[in-house]
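Participant: Next one to model:
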Amino acid sequence: MGTKPDRRKAAGTAATLIGGSAEIMDFLIPLWGGIELGVAPSAIGALVAVELVVSVIARPISGWLVDTRVRTTVAAAGAVLYAVSCVGYALATSLPLALAAAVVGGMGGAFFWIAVRAIVAESLDRDSGSLAGLLSSEALGSWFFWIPAMVLLPLTGFSGVFGILAVACLFAAVLLFRVPKFLAPPQEEPPNGFRGDGKRLAPLLLIALMTAVAEAGVSLLLLLHLQKALELEVYQIALIYLPGGIVLTVMPRVLHRFVERRGRRTGYVLASVASALTAAGLAFTPSPLVIAALWVLTSASWAILLPIQRAVVAEVSGHRVGRGMSLLTNSEMLGAAAGSLLAGLLYDGGSWQLSCLIFAGIILSGTVLGPLALTKLGVRDRPAADLAAVIND
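Facilitator: You can find the predicted model right below:
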């Protein structure tokens, strides 16, 4: 029978591989659609939207599977679907084939990420910072894959890079399949539907959605600013984001120790203030170096907020941690979609300063709404070392 360290180690390594692959795919697919397929921007938007919508729809199914089946198998299936999606993009010669690959990728993301986060949450009894460690693993893949992908792209083309990413995803699946499985799947809870769990988690889901709206909006505004106003090349933009990616890799564990000492509510307030300062700072159109420093601040805020939200969901959801994680990630994804749309509309409206300040205000509301949500949920302010005993009670 597999041990929790076996499962967590495999999940962390797989998260690095899948996280890096997904990040590169998200960056390359719009470029590939315009260059290789020659489709219009509206079609590229539809391609991205299809994957998002499918992932949102599939998450309730993923949550049910994670709560009623062997979790490493569910995660491995998600990794395989990711690999199939990469192969689909590599071989696609038309928009319908690309859309099919997007559908498979959306399903893979739903299955993989919910299962992996639930697996790592099993270790909260001995390591209250295990979800912070998983965030580090995800972030490591996101920036570590970047340089090899950019080097290989001129040599192998888009199809070659997609094929290599498919191999990385299959390797992640093998790691998860090789973990010895528990003799029985996780205990199934009485079926009371998403409505009851959604109502119980509503305070946190609302603040997660609002945060995602603002963070996605700021991210898009920054990208548009770097591309259009500063006219930077792709590699220059990557260098601006790189320090933030490194911070998101090395800081979650460090900042979790701060949260353990000072409490989740204090962490939520400080992270919200830091992220709001970034959004407000962008209103003054700073230089690339200042932008890189501001993005480090935002990355540090994510390193605090994301583990808090995921650990709270695991604590409140009990045996239905898969269902709770699916509700949380759907809130984040829907918020990100709304934030991206709002950012585009605000940017087209021509008021850069107003756009940044609006998002800064939304983020700053987390200093009040975040602690209030944690209070309403009745969770402990300081992460408990025996949290899994609470989860499994």
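Participant: okay, CA-based contacts and neighbour counts for the rest of this
Facilitator: Will do.
Participant: in the stretch 101-250 of the chain, what spans have low per-residue confidence?
Facilitator: 182-194, 234 (pLDDT under 70).
Participant: cutoff 80 now
Facilitator: Low-confidence segments of the stretch 101-250 of the chain, defined by pLDDT under 80: 124-126, 142-144, 146-147, 150, 180-198, 220, 223-225, 227-238.
Participant: Quick check: which helices or strands does whichever strand or helix holds E260 pack against?
Facilitator: E260 is located in helix 252-262, with elements delineated by DSSP states H and E. Counting contacts by 3 or more CA pairs under 8 Å, 6 or more residues apart in numbering; DSSP states H and E, helix 252-262 is packed against helix 130-144, helix 264-282, helix 288-317.
Participant: Tell me the helix or strand right after the last one.
Facilitator: Okay, so that is helix 288-317. Next along from helix 288-317, by DSSP H and E: helix 321-348.
Participant: want to throw the helices and strands packed on helix 252-262 into CSV with mean neighbour count and distance to R178?
Facilitator: Listed next are the helices and strands packed on helix 252-262 as CSV, based on neighbours: other CA atoms under 10 Å; distance: least, CA to CA, whole Å:
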stretch, mean neighbour count, distance to R178
helix 130-144, 24, 20
helix 264-282, 23, 36
helix 288-317, 22, 25
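Participant: picking up where we left off before, helix 130-144 and the helix holding E260, what's the angle between them?
Facilitator: Taking axes from the mean of the first three to the mean of the last three CA atoms, to 10 degrees, one finds helix 252-262 and helix 130-144 inclined to each other by 150 degrees.
Participant: Output helix 252-262 as PDB, nothing but the C-alphas.
Facilitator: Extracted in PDB, the C-alpha atoms of helix 252-262 (Å, rounded to 0.1, in the frame of the first residue of the first chain):
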ATOM      1  CA  PRO A 252       5.600  29.800  -0.700                       C
ATOM      2  CA  ARG A 253       7.200  27.700   2.100                       C
ATOM      3  CA  VAL A 254       9.000  30.700   3.600                       C
ATOM      4  CA  LEU A 255       5.800  32.800   3.600                       C
ATOM      5  CA  HIS A 256       3.800  29.900   4.900                       C
ATOM      6  CA  ARG A 257       5.900  29.900   8.100                       C
ATOM      7  CA  PHE A 258       5.000  33.600   8.400                       C
ATOM      8  CA  VAL A 259       1.300  32.600   8.100                       C
ATOM      9  CA  GLU A 260       1.800  29.900  10.800                       C
ATOM     10  CA  ARG A 261       3.200  32.600  13.200                       C
ATOM     11  CA  ARG A 262       0.900  35.500  12.400                       C
END
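Participant: quick one on the thing from earlier: would you convert the helices and strands packed on helix 252-262 into CSV that also reports distance to A43?
Facilitator: Listed next are the helices and strands packed on helix 252-262 as CSV, based on distance: least, CA to CA, whole Å:
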stretch, distance to A43
helix 130-144, 26
helix 264-282, 30
helix 288-317, 30
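Participant: who wins for proximity to L354 among the ones you listed?
Facilitator: L354 lies closest to helix 264-282 among the helices and strands packed on helix 252-262, at 9.4 Å (CA to CA).
Participant: Point out the other helices and strands that the closest one packs with.
Facilitator: helix 252-262, helix 288-317, helix 352-364, helix 366-377.
Participant: Relative to W64, which of those is closest?
Facilitator: The closest of the helices and strands packed on helix 264-282 to W64 is helix 288-317. By CA to CA, the value is 12.7 Å.
Participant: okay, the angle between the closest one and helix 252-262?
Facilitator: Helix 288-317 runs at 60 degrees relative to helix 252-262, counting by the same axes, to 10 degrees.
Participant: tell me the average confidence for helix 288-317?
Facilitator: For helix 288-317, mean pLDDT is 91.
Participant: dump the residue contacts of T211.
Facilitator: 332, 335, 362-363, 366 (CA atoms under 8 Å, 6 or more residues apart in numbering).
Participant: Could you pick out the buried ones from the residues you listed?
Facilitator: Buried by 16 or more other CA atoms under 10 Å: 332, 335, 362-363, 366, out of the contacts of T211.
Participant: Next up, phi/psi of T93, please.
Facilitator: Backbone torsions of T93, given as degrees, to the nearest 10, read phi -120, psi 0.
Participant: For the helices and strands packed on helix 264-282, give me a markdown table that also has distance to D26.
Facilitator: A markdown table is the format used below for these (distance: least, CA to CA, whole Å):
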| stretch | distance to D26 |
| --- | --- |
| helix 252-262 | 23 |
| helix 288-317 | 19 |
| helix 352-364 | 23 |
| helix 366-377 | 28 |
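Participant: Tell me the buried residues in stretch 196-214?
Facilitator: 197-198, 200-214.
Participant: thinking again about what came up before, for L277, state which of the buried ones among the contacts of T211 is nearest.
Facilitator: I363 (9.2 Å).
Participant: where's that closest one relative to Q353, distance?
Facilitator: 16 Å (CA to CA, to the nearest Å).
Participant: Likewise for A292?
Facilitator: Using CA to CA, A292 is found at 18 Å from Q353.
Participant: Could you do L152 as well?
Facilitator: 38 Å.
Participant: for L65, same thing?
Facilitator: For L65, the distance to Q353 - CA to CA - is 45 Å.
Participant: before we move on, what about F27?
Facilitator: 26 Å.
Participant: swap in V321?
Facilitator: For V321, the distance to Q353 - CA to CA - is 41 Å.
Participant: Contacts for stretch 238-246, please.
Facilitator: With CA under 8 Å, 6+ apart, stretch 238-246 has contacts from 139-140, 142-143, 288-289, 291-293, 295-300.
Participant: redo that, cut-off 6 Å
Facilitator: 292, 295-296, 299 (CA atoms under 6 Å, 6 or more residues apart in numbering).
Participant: Show the contacting residues for D197.
Facilitator: Applying CA under 6 Å, 6+ apart, no residues contact D197.
Participant: Can you tell me the SS state at it?
Facilitator: helix (DSSP: H, G, I helix; E, B strand; the rest coil).
Participant: from what I can see S331 touches L209, true?
Facilitator: Yes - here S331 reaches L209: they are 5.0 Å apart, a contact under CA atoms under 6 Å.
Participant: Could you find the closest non-adjacent residue to I363?
Facilitator: A276 (5.4 Å; CA to CA, 6 or more residues apart in numbering).
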